[in-house]
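*Asks:* with the input below, show me the fold.
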Amino acid sequence: MGLICRLLKLTSAEASVLEMRRIGVDPAGIAIMGPKQAHYNLRLEGLTPAQANVLKQDVLAIGGEAAVAKGAASCAIATSGAVVSGTMKQMEILFDKLSRQSFGLPGVALCMKEALQNALAPVVSVKGRTRSWAVGKKTLIMGILNVTPDSFSDGGLYIDPAKALEKALSMVEDGAHWIDVGGESTRPGAQPIDADEEAGRVLPLVSALASRGIAVSVDTAKASVAQKALEAGAEIINDISGLSDPDMATVCANYKCGLVIMHKRGTPLTMQSDVCYDDLVGEVYGYLQGRLTHALSLGIDLARISVDPGIGFGKSAEGNLELIRRLGEFRSMGRPVLVGPSRKSFIAKTIGLASVAARDAGTLSACSIAVMNGAHILRVHDVAGASAAAALAEGIRG
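*Replies:* Numbers count the residues shown, from 1 in each chain. Predicted coordinates for the structure are as follows:
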């Protein structure tokens, strides 16, 4: 898989810096002390024993902490992970030390530095086919519109193209930045359909919205459907399969469209039969990083990619809660983080509501917490509610 680094706990020195300003500390002193106020924990994977050993010694030498796998010191293992802890000032010193070491440690320093900078970046931009959005200070809202007979929440409601268009326009008025059109249900247990049937469902709505200047993403794992949707005016492909269709990356690269890469385990028919992970966040992160690298290797522009940890796709209720709690770690990839908790069963299991219709309050709670914890984009059914929840979370977050 190669070297991976992510920030385990997103922290900030802003509050301490603000208090120093309030008590009248000299700006020069603030510049010196500010980098010492926040503590960061970086997790690395894929180190050689030599890299792990030198890294540990260099971290300890500057007053930080580093934990490596048992067996690294004796080189009894092939690779080691590491958890490196320190202040920003210590991290800066460490990066400089590692940049002058052997064993490929300059590359390790660069990986760590990029992960830290990515995670702390206040604003990230994402490009569609013809337009772009800045995310970070303002949360983007993706409105869900399924033109299917069997989706778990809105299945059968918008088969009529006129009703689908009316609903889409209503969501735009409520604050949706783009409409995510789906023609094949991906709920647990859903049966697959062929590409022609899926395309026939989504293309009329994509064309109608694009002709009105409304941004559209299409929820599909099929390259042929994606290509037709892009020709009809779609801006973004939302691929829950993580580019499993070997032609999907080529289509996205050729059309220079936006791309959402999501993690899931198995297919809709099987994904909830195996929801146990040894390291949920680590495995989801590693998968998304691998798919991101694959996309780049096939010519997709990094600025067009967003990542989605896949709430509800091959995860237990507890796993979904953990992913939302630790969303900030996915920011280390440097790409917008999309989260889709809307009306999903983990909400009912957590708060004791059985019906899909009763899950909106829980959805809005999940959306607020997701924004607080690092989400850039929310994929929701209730656009007006999610927009309000995100605005409040943004105000509290500051």
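*Asks:* alpha carbons only for contacts and neighbour counts from here, please
*Replies:* Fine.
*Asks:* looking at the protein, which helix or strand is least sure?
*Replies:* Within the chain, no helix or strand scores below helix 14-22, which has a mean of 84 by mean pLDDT, DSSP states H and E.
*Asks:* would you mind listing the outside residues contacting that one?
*Replies:* 27, 30, 34, 37 (C-alpha atoms under 8 Å, 6 or more residues apart in numbering).
*Asks:* which of those has the most neighbours?
*Replies:* Counting neighbours by other C-alpha atoms under 10 Å, the top entry in those is residue 34, with 20 neighbours.
*Asks:* can you tell me the closest non-neighbouring residue to that residue?
*Replies:* The shortest distance from residue 34 to any non-neighbouring residue, by C-alpha to C-alpha, 6 or more residues apart in numbering, is to residue 17 (6.0 Å).
*Asks:* give the buried residues for whichever strand or helix holds residue 394.
*Replies:* Element membership for residue 394, per DSSP states H and E: helix 383-397. Buried positions in helix 383-397, judged by neighbour count with 16 or more other C-alpha atoms under 10 Å: 383-391, 393-394.
*Asks:* redo the residues you listed as CSV? Include distance to residue 173 and pLDDT.
*Replies:* Below are the buried residues of helix 383-397 laid out as CSV (distance: C-alpha to C-alpha, whole Å; pLDDT from 0 to 100):
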residue, distance to residue 173, pLDDT
383, 9, 97
384, 9, 97
385, 12, 96
386, 13, 97
387, 11, 97
388, 13, 97
389, 16, 97
390, 16, 97
391, 16, 96
393, 21, 96
394, 20, 94
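*Asks:* shouldn't residue 144 be within a strand?
*Replies:* Yes - counting by DSSP: H, G, I helix; E, B strand; the rest coil, residue 144 is found in a strand.
*Asks:* strands of the stretch 1-150 of the chain, residue ranges please.
*Replies:* 4-7, 39-47, 65-68, 80-87, 124-127, 132-135, 140-146 (DSSP state E, counting those that start in this stretch).
*Asks:* show me the shaky parts of the chain.
*Replies:* Along the chain, segments meeting pLDDT under 70 span 1, 9-13, 150-156, 271, 353-354.
*Asks:* that one: helices as residue ranges?
*Replies:* 14-22, 27-33, 49-61, 88-98, 105-120, 161-174, 195-211, 223-231, 248-255, 280-297, 317-325, 345-351, 360-372, 383-397 (DSSP state H).
*Asks:* how much space separates residue 313 from residue 3?
*Replies:* 26 Å (C-alpha to C-alpha, to the nearest Å).
*Asks:* so these two - more neighbours on which side?
*Replies:* Remark: of residue 313 and residue 3, residue 313 carries more neighbours, 23 against 15, as counted by other C-alpha under 10 Å.
*Asks:* with residue 273 as the reference, measure out to that one.
*Replies:* 11 Å.
*Asks:* packed most tightly, which of the strands of the stretch 1-150 of the chain would that be?
*Replies:* Highest mean neighbour count of the strands of the stretch 1-150 of the chain: strand 140-146, a mean of 27 (counted as mean count of other C-alpha atoms under 10 Å).
*Asks:* who does it pair up with?
*Replies:* strand 178-182 (parallel), strand 377-380 (parallel) (DSSP bridges).
*Asks:* how about these in a markdown table, adding mean neighbour count?
*Replies:* Shown next, in a markdown table, are the strands paired with strand 140-146 (neighbours: other C-alpha atoms under 10 Å):
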| stretch | mean neighbour count |
| --- | --- |
| strand 178-182 | 25 |
| strand 377-380 | 25 |
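*Asks:* can you redo the ones you listed as CSV with distance to residue 268?
*Replies:* As requested, the strands paired with strand 140-146 are exported to CSV (distance: least, C-alpha to C-alpha, whole Å):
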stretch, distance to residue 268
strand 178-182, 14
strand 377-380, 18
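*Asks:* about what we covered before: next, the buried residues of the least confident helix or strand of the chain.
*Replies:* In helix 14-22, counting by 16+ other C-alpha under 10 Å, buried: 16-17, 20.
*Asks:* against residue 87, how distant is the closest residue to residue 109 other than its chain neighbours?
*Replies:* The shortest distance from residue 109 to any non-neighbouring residue, by C-alpha to C-alpha, 6+ apart, is to residue 95 (5.0 Å). According to C-alpha to C-alpha, residue 95 stands 12 Å off from residue 87.
*Asks:* identify the residues contacting residue 249.
*Replies:* Residue 249 neighbours (C-alpha under 8 Å, 6+ apart): 243, 295, 298-300.
*Asks:* show me which of those residues is closest to residue 286.
*Replies:* Set against residue 286, the nearest of the contacts of residue 249 by C-alpha to C-alpha is residue 295 (14.2 Å).
*Asks:* number of nearby residues for the closest one?
*Replies:* Per other C-alpha under 10 Å, the neighbour tally for residue 295 reads 23.
*Asks:* numbering from 391 from now on, please.
*Replies:* Taking 391 as the first residue, the last one we looked at is residue 685.
*Asks:* is residue 585 in contact with residue 616, as I believe?
*Replies:* No - counting by C-alpha atoms under 8 Å, residue 585 stays clear of residue 616, with 9.7 Å between them.
*Asks:* so these two - more neighbours on which side?
*Replies:* Higher neighbour count among residue 585 and residue 616: residue 616, with 28 against 18, using other C-alpha under 10 Å.
*Asks:* from residue 505, how far out is that one?
*Replies:* For residue 616, the distance to residue 505 - C-alpha to C-alpha - is 31 Å.
*Asks:* which one of the buried residues of helix 773-787 is nearest residue 553?
*Replies:* Minimum distance to residue 553 across those is 16.8 Å, recorded for residue 773 (C-alpha to C-alpha).
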